[in-house]
Structures are given as C-alpha cells and as structure tokens.
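got a sequence here, can you build the structure:
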Amino acid sequence: MKYTREAKGLQLLPRCQEMLTAPWPCRTRGTWRRQRASGSPLLLAILLMALLLGGCSANGAGWQASGPQNAHIISLAVTPNEPTKIYAGTASSGVYYSDTAGQSWIGPGKGIPAGTAVSALLPDPGQIGTVYAATSAGVFVSTDSGRTWARASRGLPAGDGTDALVFGLDNRLFVGTEAHGIYVSQDAGKTWVASNSGLPANADVYTLMVDPSNAVLWAGLVGHGVYQSIDDGATWTPVTNGLPASMDVFALLAAPRLTNVLVAGTSLGAFVSTNDGQSWTASNNGLDHTRVLALAGDPLHPGRFYAGTDNGVYETVDSGAHWGKLAYGLPGNEHVAAVVTGDQNYSQVLAAAGQVYRFPGGSSPSGHILTFVIAGILFLALLLLWQRQSKFVKQMSLPTPPPHPSENPLLGQRSARVPPQQSTENPLLQRKTGPPSPDNRSQD
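Just a heads-up that it's a prediction; the model follows:
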C-alpha cells in the first residue's frame with residue numbers, strides 16, 4: 001500500500017480510500033500470497049488427475065495383450081463376414097478360437113499332434129464352423145470351430161510341411177508346401193494333386209492369395225519372388241519386374257476397394273504394384289529397413305494397410321507411400337508373424353507377437369475398471385482438497401476492519417459499527433509496518 005507522510009499525519013492515497021470504504025478490506029501482500037497458495041493443491045490435484053487419466057487413455061489406446069496364455073501364436077484368421085470370430089494357430093500347441101474378437105479364448109482344440117506348428121488358418125466362407133489349418137505335419141480340417149481336428153493330407157508329399165492356404169474358383173482349395181510347390185484339392189481337402197506348372201523345382205511357397213476382384217491367384221516364394229496364375233492354378237508365371245532377384249516374399253495383399261493395387265511383404269520391406277503386378281516399386285518410407293512378414297487391409301478405408309514386421313506393426317493410409325509405427329506396447333523381442341483386422345466393423349487390429357495383441361486395447365473390461373478406480377480415488381482426493389480450500393477461503397473472506405482513531409475522518413464513518421480504539425500511533429501505519437497478526441501467522 002502506498003502512503004505519504006505530512007505534518008498533519010498520514011494521508012491515504014485515493015486507491016486505499018476506496019478499498020477502506022468497500023466491503024472487502026484492504027489486504028497486505030502476504031494475505032494475497034496465502035490465498036493464491038491455498039489454490040495450488042487444488043490446481044495440482046486437477047492437473048494430476050488429468051495426467052493420470054490421460055495416461056490411462058493412452059495406455060488403453062495402445063496394444064493390449066489378450067492371450068491365449070502359455071501359447072506362442074504364429075498365425076491368425078478372421079471368419080469372413082463374422083469379424084468377431086478369430087482363430088489363432090500356435091508354434092507347437094494347436095489352435096485356439098475366440099468369438100469375442102480376441103478378448104477371451106477357447107482351446108486348444110484336439111486332434112493336431114503336440115509339437116506341430118500351425119502356419120496358416122483358412123475359415124470356409126460357405127460352411128459355418130469349418131476351418132482348415134496348414135501345419136508342419138500337413139493339412140488338418142475342423143467342422144466345429146476348431147474344437148476337434150482331422151487330418152486332410154491324402155496326396156500331399158510325405159514329411160513336407162505346409163505354409164499357406166487359399167480358396168480359388170469353384171471352392172477349389174490350394175495349399176503351398178515347403179519343398180514341393182503348390183497342391184490343389186477339389187473335394188474339401190480329402191485328396192490333393194500337384195499344381196506346379198511354371199513354378200521353380202522344389203519351390204518353397206510361403207504365402208498364397210486370391211484377388212477377389214478378378215479371381216487371379218498369387219504366390220509368394222522364398223528366394224523366387226512373386227508368381228501369378230490367371231487360369232485357377234493350371235499354370236504359373238513369374239511377375240517380378242522391379243523386385244530384386246532371390247527375394248523372399250512372406251505376404252501378399254490385394255488392396256481392398258482399390259483396383260489393380262497389390263502389396264508384397266518381403267525380406268527387403270514392402271513393394272507396391274499399381275498395375276496388377278506388371279511392375280513393382282519399393283515402398284519403405286518409414287519402415288526402418290525391416291522385413292515385412294504379414295499384411296492386412298482395412299476393408300472400410302481404401303489405401304489403409306497394416307504390416308507385421310520384425311519391429312512391430314506399421315500402418316499406411318496412402319497405399320504404401322508412407323508408413324508409420326502403429327502405437328507401442330508390443331514385445332521388442334518378438335517379430336509380428338501375423339496381422340488381421342476384426343471386431344465390430346473391423347475396428348481393431350490384431351497381431352501375433354508371441355501371444356495375441358489387440359489395438360486399440362482400451363475396450364477391454366479390465367482397462368475400463370482400472371481407469372474408473374483411479375478416477376474414483378482422484379475424485380475423493382479432489383473433494384477433500386476442495387472442502388479444505390473452501391473452509392480456508394471462507395475464513396479469509398470474513399472482513400475484519402482495522403481499529404480506527406476518532407480523529408481520522410475517513411475511519412470515523414465506520415465508528416458506528418466498530419467502537420474506536422485509542423492509540424498513540426496511527427493504526428494504518430502499524431498494520432503496514434508492524435508484525436503480522438496472530439490470525440495471519442496461523443494461515444502461513
């Protein structure tokens with residue numbers, strides 16, 4: 001408070017005169033500091049709650065492990081037109097099934113020998129509950145959603161593993177083997193015959209794909225790039241223009257809702273063709289020089305693909321021109337062997353990285369419960385702090401007029417309510433320069 005000394009005593013500046021006549025008393029700087037300090041715990045609590053809830057939301061929006069427990073998942077498949085029904089194949093313990101988009105699992109089913117690796121799974125779109133499995137011990141089939149399995153390998157080379165499955169025209173079933181090329185079955189896997197015309201000798205076929213827009217079959221080979229069949233597997237032709245020689249091809253994708261756009265996941269990253277495989281161009285902007293082991297398309301958003309790699313899952317929204325890592329939370333010591341889209345409206349991405357991980361992971365009940373518990377604790381703490389601050393502010397808000405000598409005409413106006421106190425020293429000067437009152441010391 002500013003003041004001047006004159007011969008007739010203390011003369012107040014106009015600003016303090018107004019404050020003295022106002023309902024709220026003129027306060028010292030220490031009083032204002034105490035009031036501001038009283039709001040600090042409240043502000044800190046609000047900030048802390050926002051940060052913690054934001055952290056919960058961020059964690060919920062990342063990858064979330066969903067099991068199955070004690071199983072190493074290497075393959076995934078979503079039932080056509082039923083995206084909540086998902087199959088998961090393991091490295092040695094059979095196949096699991098989920099009808100909750102991976103939130104819970106049933107299995108493993110019986111019939112696949114222990115120690116058998118399940119490399120690929122293919123649900124039959126025309127037979128509810130029927131699913132095929134390509135394994136290190138041949139082909140198996142289940143007609144009860146993976147609960148029981150029967151061998152379906154008659155005609156396949158003995159001792160050869162299988163890695164890929166796909167349906168062609170007229171429900172013909174194709175399988176890719178590790179050392180004998182491609183075989184086809186016209187009786188739901190009961191018998192198989194070779195379909196290798198045009199393929200290299202002893203071809204290791206890692207992946208198979210059919211383009212639904214034109215029924216063209218595609219095969220990705222280890223060490224030999226990409227092959228194509230336009231006659232439902234009768235003959236195969238290499239389509240490797242732009243692909244490096246001796247390249248391993250692990251995954252193929254016909255971009256949903258885009259014409260003539262193909263993506264190949266290889267040992268040298270991703271390659272894209274915009275002319276139905278006539279030429280290929282490297283598309284590794286943002287992929288960090290990693291192998292692309294699995295591919296999945298978003299059926300609702302043209303140009304959006306997902307790539308499972310040695311270093312997590314990557315996403316593109318511009319048909320492979322640029323890639324970015326899709327969240328974090330996957331184990332760093334596991335490559336992503338499979339990636340699919342599922343759940344209601346294909347709103348989730350599922351990745352096989354040891355066990356199954358879901359993105360976004362915040363829709364699980366456990367994630368919501370944890371968020372609500374933390375929010376409840378913080379709300380109670382905030383309520384207590386608010387009550388404490390309200391009590392403090394109420395005490396500070398009570399006007400306590402200073403003692404006023406009768407000779408001061410400004411303070412004499414208040415003498416009708418508060419009897420004046422006799423003092424030989426100006427009370428306003430004493431309030432400015434003297435020690436703080438006991439009430440003020442108690443609030444610091």
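
are we agreed that K85 is in a helix?
No - K85 is assigned strand when assessed by DSSP: H, G, I helix; E, B strand; the rest coil, not a helix.

that one against S145, yeah?
Yes - using C-beta atoms under 8 Å, K85 makes contact with S145 at a distance of 7.5 Å. Every residue, glycine included, has its C-beta placed from N, CA and C.

residues shared between the contacts of these two?
97, 99 (C-beta atoms under 8 Å, 6 or more residues apart in numbering).

and the strands in the stretch 1-150 of the chain?
In the stretch 1-150 of the chain, the strands defined using DSSP state E, counting those that start in this stretch lie at 3-6, 9-12, 64-67, 73-79, 82-90, 95-98, 118-123, 131-135, 138-142, 150-151.

which strands or helices does the fifth one pack on?
The reference is to strand 82-90. Here strand 82-90 touches strand 73-79, strand 95-98, strand 118-123, strand 131-135, strand 338-342, going by 3 or more C-beta pairs under 8 Å, 6 or more residues apart in numbering; DSSP states H and E.

output the strands of the stretch 1-150 of the chain as TSV; include the columns distance to P299.
Below are these laid out as TSV (distance: least, C-beta to C-beta, whole Å):
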stretch	distance to P299
strand 3-6	78
strand 9-12	78
strand 64-67	21
strand 73-79	10
strand 82-90	9
strand 95-98	19
strand 118-123	15
strand 131-135	20
strand 138-142	25
strand 150-151	31
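
and the gap between the nearest residue to P299 once chain neighbours are set aside and L293?
Once flanking residues are discounted, P299 sits nearest to P256: 4.7 Å by C-beta to C-beta, 6 or more residues apart in numbering. Plainly put, P256 is 20 Å away from L293 if you go by C-beta to C-beta, to the nearest Å.

could you dump the helices and strands packed on strand 82-90 into CSV with mean neighbour count, mean pLDDT and distance to V166 added?
Below are those laid out as CSV (neighbours: other C-beta atoms under 10 Å; pLDDT from 0 to 100; distance: least, C-beta to C-beta, whole Å):
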stretch, mean neighbour count, mean pLDDT, distance to V166
strand 73-79, 23, 97, 11
strand 95-98, 25, 96, 18
strand 118-123, 25, 98, 7
strand 131-135, 26, 98, 10
strand 338-342, 25, 96, 15
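
any chance of those in CSV with distance to G320 as columns?
Converted to CSV, the helices and strands packed on strand 82-90 look like this (distance: least, C-beta to C-beta, whole Å):
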stretch, distance to G320
strand 73-79, 21
strand 95-98, 30
strand 118-123, 23
strand 131-135, 27
strand 338-342, 15
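
out of the ones you listed, flag the one nearest D248.
When those are compared by C-beta to C-beta, strand 118-123 sits nearest D248, at 14.8 Å.

before we move on, what SS does F379 have?
helix.

go on, the one 4 residues further on?
The three-state label given to L383 by three-state DSSP is helix.

and it, what pLDDT?
For L383, the pLDDT comes out at 72.

check contacts around it.
Contacts of L383 (C-beta under 8 Å, 6+ apart): none.

pretty sure R304 is touching T316, no?
Yes - assessed by C-beta under 8 Å, R304 is found in contact with T316 at 6.8 Å.

neighbour count: the two, which is higher?
T316 (23 against 18; other C-beta atoms under 10 Å).

beta-bridge partners for that one, please?
Under the criterion DSSP bridges, T316 forms beta bridges with F305.

list the contacts for it?
283, 303-305, 307, 322-324 are the contacts of T316 under C-beta under 8 Å, 6+ apart.

in strands, which of those fall?
When the contacts of T316 are checked against strands (DSSP state E), the matches are 305, 307, 324.

what about the nearest residue to the last one once chain neighbours are set aside, which SS state?
I take that to be G324. Distance criterion C-beta to C-beta, 6+ apart; nearest residue to G324, sequence neighbours excluded, is G286 at 5.5 Å. In three-state terms, and counting by three-state DSSP, G286 is coil.

number of nearby residues for G286?
G286: 15 neighbours (other C-beta under 10 Å).

residue contacts, it?
314, 322-325.

please repeat the previous calculation with a cut-off of 7 Å.
By C-beta atoms under 7 Å, 6 or more residues apart in numbering, the contact set of G286 is 314, 322-324.

out of those, which one sits closest to D99?
Nearest to D99 among the contacts of G286, with distances taken as C-beta to C-beta, is Y314, at 28.6 Å.

which strand or helix spans that closest one?
strand 312-316 (DSSP states H and E).

on that earlier part again, of the contacts of T316, grab the buried ones for PyMOL.
Here is the PyMOL selection string for the buried members of these, based on 16 or more other C-beta atoms under 10 Å:
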select buried, resi 283+303+304+305+307+323
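
how about JSON lines for the contacts of T316, with pLDDT and distance to A194 added?
Formatted as JSON lines, those follow (pLDDT from 0 to 100; distance: C-beta to C-beta, whole Å):
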{"residue": "S283", "pLDDT": "95", "distance to A194": "34"}
{"residue": "G303", "pLDDT": "93", "distance to A194": "38"}
{"residue": "R304", "pLDDT": "95", "distance to A194": "37"}
{"residue": "F305", "pLDDT": "94", "distance to A194": "33"}
{"residue": "A307", "pLDDT": "97", "distance to A194": "32"}
{"residue": "H322", "pLDDT": "95", "distance to A194": "42"}
{"residue": "W323", "pLDDT": "96", "distance to A194": "38"}
{"residue": "G324", "pLDDT": "95", "distance to A194": "42"}
